[in-house]
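Chemist: build the 3D model from these lines:
(one chain, ligands or ions: 1)
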Amino acid sequence: MHLNHTHESDGAAVSADAHRPDGTRRALRIGLGGPVGSGKTATVAALCQTLRTELSLAVVTNDIYTREDAEFLLREAVLPPERITAVETGACPHTAIRDDISANLEAVEDLEDEVGPLDLILVESGGDNLTATFSRGLVDAQIFVIDVAGGDDIPRKGGPGVTTADLLVVNKTDLAPYVGSDLARMAADAKAQRAELPVVFQSLRSEEHVTPVARWVREQHATWTKKQTAPASTTAEPTQ
Ligand SMILES: Nc1nc2c(ncn2[C@@H]2O[C@H](COP(=O)(O)OP(=O)(O)OP(=O)(O)O)[C@@H](O)[C@H]2O)c(=O)[nH]1
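Modeler: Residues are numbered from 1 along each chain as shown. As a prediction, this is how the structure comes out:
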């Protein structure tokens, strides 16, 4: 198994080596994290349905004791089954995406070997709290998904997911009137926490659906592809 070591402090998306150890291109890896039930799996499903005709895609899900998220994606047939892998973390979901990323790295490497070459691998974290972030050794960019029903003070509270994710998605805006969430306040608080980092307000029940997030993913992929046209030797990060 190969570990692409990168600087944890690399804030910008797509920071790691864009090639596999044998010099072939590797997939862009995007992590989706966020609190339990915020809509991570639904967003992954929608992204697969939107992007699967234009990009070669695969998904890794992380659940603590089950394979529920992967089973949902399989039931919905968002991708062929061989493109969906479940990692049972068996412990705090943080650990598997940040501290001991070996099981997830093995899963993405196996997908590249078995169904590659791939353009994009989505890695979904198990539902967690506001502190969950991915190691930059596992993903090139990360999306943090919160939802309006979880409380409109979440952006104000901050935490590394809200403040540092490459994209913050505030999901379930259709529920705002029913739960009394103030979207303008959430937007102002998110802006205060994130400065120029992007925020998308999304409802998967709306006609716009996942379109803005899919657009962001396409932009990340375009940047990644440009990087892959450079020779591997000039894009490698120093090993730590
Ligand atoms: N009203 C509404 N419901 C949504 C939206 N997005 C997702 N949901 C629903 O919210 C529930 C939770 O969504 P999931 O995608 O399973 O959430 P998750 O973050 O993957 O949950 P865990 O994996 O358990 O952490 C499901 O019933 C979804 O159908 C949305 O935009 N609006």
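
Chemist: only C-alpha atoms for contact and neighbour calcs from this point on.
Modeler: Fine.

Chemist: who in the chain is up against the ligand?
Modeler: Within the chain, the positions lying close to the ligand (Cα under 6 Å from any ligand atom) are 35-42, 126-127, 171-172, 174-175, 203-205.

Chemist: quick one, strands of the chain?
Modeler: In the chain, the strands defined using DSSP state E lie at 28-33, 57-63, 84-88, 120-124, 141-147, 167-171, 199-201.

Chemist: who are the packing partners of the last one?
Modeler: Yep, that's strand 199-201 we're talking about. strand 167-171, helix 183-194 (3 or more Cα pairs under 8 Å, 6 or more residues apart in numbering; DSSP states H and E).

Chemist: ok, it: who's next to it in the sheet?
Modeler: Within its sheet, strand 199-201 is paired with strand 167-171 (parallel), according to DSSP bridges.

Chemist: got it, and the fourth one?
Modeler: Sheet neighbours of strand 120-124, with direction, are listed as strand 28-33 (parallel), strand 57-63 (parallel) (DSSP bridges).

Chemist: what's the closest of these to K157?
Modeler: Minimum separation from K157 across those (Cα to Cα) falls at strand 28-33, 16.7 Å.

Chemist: run through who's touching the closest one.
Modeler: For strand 28-33, contacts defined as Cα atoms under 8 Å, 6 or more residues apart in numbering pick out 14, 18, 40, 119-128, 132-134, 138-145, 161, 221, 224.

Chemist: quick check: angle from it to strand 141-147?
Modeler: Orientation of strand 28-33 against strand 141-147 (axes from the mean of the first three to the mean of the last three Cα atoms, to 10 degrees) gives an angle of 30 degrees.

Chemist: show me which residues of strand 28-33 are buried.
Modeler: Across strand 28-33, burial judged by 16 or more other Cα atoms under 10 Å covers L28, R29, I30, G31, L32, G33.

Chemist: pretty sure T173 contacts S203?
Modeler: Yes - using Cα atoms under 8 Å, T173 is in contact with S203, at 5.1 Å.

Chemist: now do the helices in this protein.
Modeler: Secondary structure of the chain by DSSP state H: the helices cover 40-51, 68-75, 93-94, 102-115, 154-157, 160-164, 176-179, 183-194, 211-228, 232-235.

Chemist: dump these into TSV; add mean pLDDT and distance to P81 as well.
Modeler: Below are the helices of the chain laid out as TSV (pLDDT from 0 to 100; distance: least, Cα to Cα, whole Å):
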stretch	mean pLDDT	distance to P81
helix 40-51	98	13
helix 68-75	92	6
helix 93-94	78	23
helix 102-115	96	11
helix 154-157	92	35
helix 160-164	94	30
helix 176-179	96	35
helix 183-194	97	37
helix 211-228	95	22
helix 232-235	52	31
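
Chemist: make CSV from these and add mean neighbour count to it.
Modeler: Below are these laid out as CSV (neighbours: other Cα atoms under 10 Å):
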stretch, mean neighbour count
helix 40-51, 20
helix 68-75, 18
helix 93-94, 22
helix 102-115, 18
helix 154-157, 18
helix 160-164, 22
helix 176-179, 13
helix 183-194, 17
helix 211-228, 17
helix 232-235, 13
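
Chemist: quick one: distance of stretch 151-170 to the chain centre.
Modeler: A distance of 14 Å separates the centroid of the chain from that of stretch 151-170, by Cα atoms, centre = their mean, to the nearest Å.

Chemist: what does stretch 224-233 give?
Modeler: From the chain centre to the centre of stretch 224-233 is a distance of 21 Å (Cα atoms, centre = their mean).

Chemist: same check, this time on stretch 212-225
Modeler: Chain-centre distance of stretch 212-225: 12 Å, with Cα atoms, centre = their mean.

Chemist: same question for stretch 209-218.
Modeler: Offset of stretch 209-218 from its chain centre (Cα atoms, centre = their mean): 12 Å.
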